[in-house]
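Asks: Just a sequence and a predicted model for now, questions to come.
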Amino acid sequence: MTLRILAAAVAGLLACPAPQARADCADVGLVLAIDASGSISGTEFDIQRQGYATALLAPPVTLAFAEAGVVDVAAVFWGDSSYQPQVVPWHRITSAADLARFSAALLAAPRQMSGDTHIGNGLAAAMALFEAAGHCSERQLIDLSGDGRASFETGRKPVISLAVARAHAERKGITVNALAITTEDAELPRYYADNLISGPFAFVLHVDGLESFGAAMTQKLMRELLAGGPGTVPQQDKPG
């Protein structure tokens, strides 16, 4: 009798659907939030986007993706709230070939954004990707690049304030890092440190000109993908 009861219990367990839980979750979810506001010229936009693609294909970054585990990566081009944020959807990265496919998708996306620098809307659009049905990741990162401070005008379509968007990221446990392009504003790194980045490993890097954007993004991607690994100590970098 005992064996029959045990066999029935085992059969019942096997008949139950396996818990979906987090079996298909990525180890890291990374959204690249790219400034496409009016202050970024067409040439600068292309240089910035090419810098991302170059960094994603750099061998040290490929190794960083591999060491981080299974990584889901997406991108959002942001600008004025009167435009619909432009999204390159999630790509699962488990190989160099996956990175090449995502880089190609990033380069192929036509620019559809311009206008004011509504960083809050860009941050909110990036966070919405994490909340989309079907996405699941253990560690969530937003990598935002931009060349200006948040602008806000009354009488426009709803603009999400940067403070509100950042507070939402903090509540959700999403790390926000920034790359400041300082061609127009030398104090932008300090502004991003005080008003944008969040999370225990958050940091700001800066470039004085877009010609060094790819190299800076390579350094940034390596650092943020490997932050939080064994032996790392939480800290938040701020410009001195």
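Replies: Perfect, thanks for sending it.
Asks: Ala104 is in what secondary structure piece?
Replies: helix 96-108 (DSSP states H and E).
Asks: Send over that helix as CSV, restricted to the C-alpha atoms.
Replies: Taking Å, rounded to 0.1, in the frame of the first residue of the first chain, the C-alpha atoms of helix 96-108 are listed here in CSV:
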residue,chain,number,x,y,z
ALA,A,96,29.2,36.5,-31.2
ALA,A,97,26.8,35.8,-34.1
ASP,A,98,23.9,37.1,-31.9
LEU,A,99,25.8,40.3,-31.2
ALA,A,100,26.4,40.7,-34.9
ARG,A,101,22.7,40.4,-35.6
PHE,A,102,21.8,42.9,-33.0
SER,A,103,24.4,45.4,-34.2
ALA,A,104,23.0,45.1,-37.7
ALA,A,105,19.5,45.7,-36.5
LEU,A,106,20.7,48.8,-34.6
LEU,A,107,22.4,50.2,-37.7
ALA,A,108,19.5,49.4,-40.0
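Asks: Can you read off the pLDDT for Cys25?
Replies: In this prediction, Cys25 carries a pLDDT score of 93.
Asks: Which residues are in contact with it?
Replies: Going by C-beta atoms under 8 Å, 6 or more residues apart in numbering, Cys25 touches 136-138. In this view, the C-beta of every residue, glycine as well, is placed from N, C-alpha and C.
Asks: roughly how far apart are the residue nearest to Val159 when sequence neighbours are not counted and Met113?
Replies: Closest residue to Val159 apart from its sequence neighbours, by C-beta to C-beta, 6 or more residues apart in numbering: Ser81 at 4.8 Å. Using C-beta to C-beta, to the nearest Å, Ser81 is found at 10 Å from Met113.
Asks: what's the answer for Ala215, then?
Replies: 25 Å.
Asks: Comparing those two, which residue is more hemmed in?
Replies: Neighbour totals were compared for Ala215 and Met113, and Met113 leads with 22 against 14 (other C-beta atoms under 10 Å).
Asks: ok, that one touching Ser39?
Replies: No - using C-beta atoms under 8 Å, Met113 makes no contact with Ser39, being 11.5 Å away.
Asks: need the next SSE after the longest helix along the chain, C-terminal direction.
Replies: Identified as the longest helix of the chain according to DSSP state H is helix 42-57. Counting by DSSP H and E, the next helix or strand C-terminal to helix 42-57 is helix 59-68.
Asks: Buried residues, that following helix. List them.
Replies: 61-62, 64-66, 68 (16 or more other C-beta atoms under 10 Å).
Asks: helices or strands up against it?
Replies: Helix 59-68 is packed against helix 96-108, helix 213-226, with contacts defined by 3 or more C-beta pairs under 8 Å, 6 or more residues apart in numbering; DSSP states H and E.
Asks: and the angle from it to helix 42-57?
Replies: 60 degrees (axes from the mean of the first three to the mean of the last three C-alpha atoms, to 10 degrees).
Asks: residues near the residue nearest to Ala100 when sequence neighbours are not counted, how many?
Replies: Nearest-residue entry for Ala100: Leu57, 6.6 Å, with adjacent residues in sequence omitted and distances by C-beta to C-beta, 6+ apart. Leu57 has 17 neighbours, counted by other C-beta under 10 Å.
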